[in-house]
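1. Sequence and predicted structure, then a few things I'm wondering about:
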Amino acid sequence: MELRQLQYFVMVAEELHFGRAAERLHIVQSTVSQQVRRLERELGVCLFDRSSRVVALSSAGRRLLPRARAVLAAGDALTAEAHALAAPLGDALLLGTGTSLGSRLDLFLDAVAAHGSGLKVRFTNLDCDERIEQVRTGKLDGAFLRGITTVPGLRLLRLWEDRLVAALPAWHPLAEQSAVSLGQLRDLPLRIIPRERNAALYDLVVTACAEAGFRPIIGQPFTTQHDTFAEMAMGEAAWTVFYADNTAAAVTRRIAFREFAEGGPTVPVRLAVRADLRPERLRPLVAACQSASELLTGASAG
């Protein structure tokens, strides 16, 4: 039996839906189903009564759910205490990152320096699911998350909203405009990261297109910035989205970055921390997030 199997069992019990449980866990539904069935085999009982339309706790599932929650709580408490004993207060704050946060990361670091009583910061680049898991287990003090506003068991501190712009081949007629509307892009394939790799961004852009009155033509996936932009520049009529704050570091004469005429979609950026993170480490993070958010809000208003 693995702790993650108990975690999946508890999540499905709360949602009574394997798909919604998988979304909350940020994993695919098949993994949740497989691990719950494996747990049922190991325990020798059925935890859920399943039909084509309904998922309900079985009588055994109702009896075992409180014990599963107690085991998970005990595991979290043990991990947190072990990390607290192992790490001196003077150690650096350990934060997980993903894609570049642009110049806004500098602003956050300035805020940490101003509020952190000499605490230093170290970063670890991980996939989103790994970042979330390592915050849960105490290996990380916090993690930057883009496009995610709730994670079960974690506290999400507000940072800022990342504005998206359109990226087009510089040779395309729309690149001659200072701004483009989403509707003008309806006939061009959209190159975007596959949904299984970044559901939040994918859903945000597809929803924005739907609100503009069309369903985007999904083209080749966005792979790497270098390869995708090179393919578009060499004659592929397509468009993609890019974080506005990162355009300065992605200057290329072959790609044009254009604001959306409607203002464009924005992606929330949050810092995820454990709710029981030691106060000595939580306080500077809360203060830094608040300062960074206020500074950026003031700059946008100005």
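-> It's in.
2. Endpoint to endpoint, stretch 121-139 covers what distance?
-> 14 Å (C-alpha to C-alpha, to the nearest Å).
3. Revised request: answer the last question for stretch 211-227.
-> The first-to-last residue distance of stretch 211-227 comes to 30 Å (C-alpha to C-alpha).
4. Tell me the gap between it and the middle of its chain.
-> On the basis of C-alpha atoms, centre = their mean, to the nearest Å, stretch 211-227 sits 19 Å off its chain's mean C-alpha point.
5. Let me see the residues that make contact with that stretch.
-> 181-183, 185-194, 205-206, 209, 228, 231, 236, 238, 240, 250, 262 (C-beta atoms under 8 Å, 6 or more residues apart in numbering). Where C-beta positions appear, they are placed from N, C-alpha and C, glycine not excepted.
6. List the contacts of residue 153.
-> Taking C-beta under 8 Å, 6+ apart as the test, what residue 153 contacts is 76, 136, 274, 275.
7. residues near the third one, how many?
-> Meaning residue 274. 22 (other C-beta atoms under 10 Å).
8. again, but for the first one
-> In terms of burial, residue 76 registers 18 neighbours under the definition other C-beta under 10 Å.
9. So for it, what's the pLDDT?
-> As predicted, residue 76 sits at a pLDDT of 73.
10. That one contacts residue 136, correct?
-> Yes: taking C-beta atoms under 8 Å as the definition, residue 76 is a contact partner of residue 136 at 7.3 Å.
11. Where does residue 144 sit: helix, strand or coil?
-> strand (DSSP: H, G, I helix; E, B strand; the rest coil).
12. Leaving out sequence neighbours, find the closest residue to it.
-> residue 97 (5.2 Å; C-beta to C-beta, 6 or more residues apart in numbering).
13. give the contact list for that neighbour.
-> 105, 123, 124, 125, 126, 131, 143, 144.
14. Identify the bridge partners of it.
-> Taking DSSP bridges as the rule, residue 97 bridges to residue 125.
15. how close does it get to residue 25?
-> 21 Å (C-beta to C-beta, to the nearest Å).
16. sorry, back to before: of the contacts of residue 97, buried ones?
-> Buried residues within the contacts of residue 97, counting neighbours by 16 or more other C-beta atoms under 10 Å: 105, 123, 126, 131, 143, 144.
17. quick one: the fourth one from residue 181, how far?
-> According to C-beta to C-beta, residue 131 and residue 181 sit 35 Å apart.
18. How about the fifth one?
-> Look at residue 143 and residue 181: by C-beta to C-beta, they are 35 Å apart.
19. now the last one
-> Look at residue 144 and residue 181: by C-beta to C-beta, they are 31 Å apart.
20. again, but for residue 20
-> Residue 20 is 34 Å from residue 181, by C-beta to C-beta.
21. and if you look at residue 29?
-> On the measure of C-beta to C-beta, residue 29 and residue 181 end up 36 Å apart.
22. Check residue 94 too.
-> 43 Å.
23. who's more crowded, those two?
-> Legend: neighbour count by other C-beta under 10 Å for residue 94 and residue 181, higher for residue 94 (20 against 15).
24. what angle sits between the one helix or strand the more buried one maps to and strand 142-146?
-> Secondary structure assignment for residue 94, by DSSP states H and E: strand 93-97. Orientation of strand 93-97 against strand 142-146 (axes from the mean of the first three to the mean of the last three C-alpha atoms, to 10 degrees) gives an angle of 20 degrees.
25. chain center to strand 93-97: distance?
-> Relative to the centre of its chain, strand 93-97 is centred 14 Å away, using C-alpha atoms, centre = their mean.
26. Could I get the full set of strands for the protein?
-> 48-50, 55-57, 93-97, 121-125, 142-146, 154-169, 179-180, 189-190, 217-218, 240-243, 255-260, 266-274 (DSSP state E).
27. Residue 112: what's it in contact with?
-> Taking C-beta under 8 Å, 6+ apart as the test, what residue 112 contacts is 93, 119, 121, 284, 285, 288.
28. Bridged to the closest residue in space to residue 229 that isn't next to it in sequence, which residues?
-> By the measure of C-beta to C-beta, 6+ apart, the closest residue to residue 229 outside its immediate chain neighbours is residue 255, 4.9 Å from it. Beta bridges link residue 255 to residue 169 when assigned by DSSP bridges.
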